[in-house]
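Chemist: Below are the sequence and a predicted model for it; my questions follow.
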Amino acid sequence: MTRGHTITIEQGDRHVRVVHDGRVLAETDRALVLRETGCPARYYIPAEDVRLDLLTLSETHTYCPFKGTASYWSLPGAADLVWAYPDPKPDVAQIKNHLCFYEAEVS
C-alpha cells in the first residue's frame, strides 16, 4: 500500500443480504468486510452465495492500483451493479471469488 492509503479485510460477523427490485441477489453470513481509505466499507460476498444466474457479465473493466482489475455484472436496468476482482493483487488475495454490490442490507 502507498503511504496514507490502507486496505483492511476481515471476516464479517453480520448477515448480508442484497435485494434489487424485490429480488434477492445474494445472502450470506460469510461476507468479508473491506475497508479502504476514502471509501465506504464494502461487503465482498462469496460467489456461492450470489445468484449468478440472474447477472450478466458486462464489458466494463476498471483498474485499481491497490486491488487490480475489476470485472462487472449487470441486471436489466441496472448496469454494472456488481463487481469482483478475478485476479486480485497479493495484498487483497482474500477477495478472490467474492463479489461486491453497490447496495447491501446488513443486519
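Modeler: Okay, I see it. Numbers count the residues shown, from 1 in each chain.

Chemist: okay, now Ile9: neighbour count?
Modeler: Residues near Ile9, counting by other CB atoms under 10 Å, number 18. For glycine as for every other residue, the C-beta is placed from the backbone atoms N, C-alpha and C.

Chemist: now Asp87
Modeler: Asp87 sits with 9 neighbouring residues when counted by other CB under 10 Å.

Chemist: Within the helices and strands, which one has it?
Modeler: For Asp87, there is no host helix or strand (DSSP states H and E).

Chemist: My guess is it contacts Lys67. True?
Modeler: No - between Asp87 and Lys67 there is no contact under CB atoms under 8 Å: 10.2 Å.

Chemist: Low-confidence ranges, the chain, go.
Modeler: For the chain, applying pLDDT under 70 flags the ranges 1-2, 107.

Chemist: Helices of that one, start to end?
Modeler: With DSSP state H, there are no helices along the chain.

Chemist: Which residue ranges of it form strands?
Modeler: Along the chain, counting by DSSP state E, strands occupy 7-11, 16-20, 23-28, 32-36, 42-46, 56-64, 68-75, 78-84, 98-101, 105-106.

Chemist: Touching the third one from outside, list them.
Modeler: Contacts made with strand 23-28 from outside it, assessed by CB atoms under 8 Å, 6 or more residues apart in numbering, are listed as 15-19, 45-46, 49-51, 54-55, 75, 82, 99, 101, 104.
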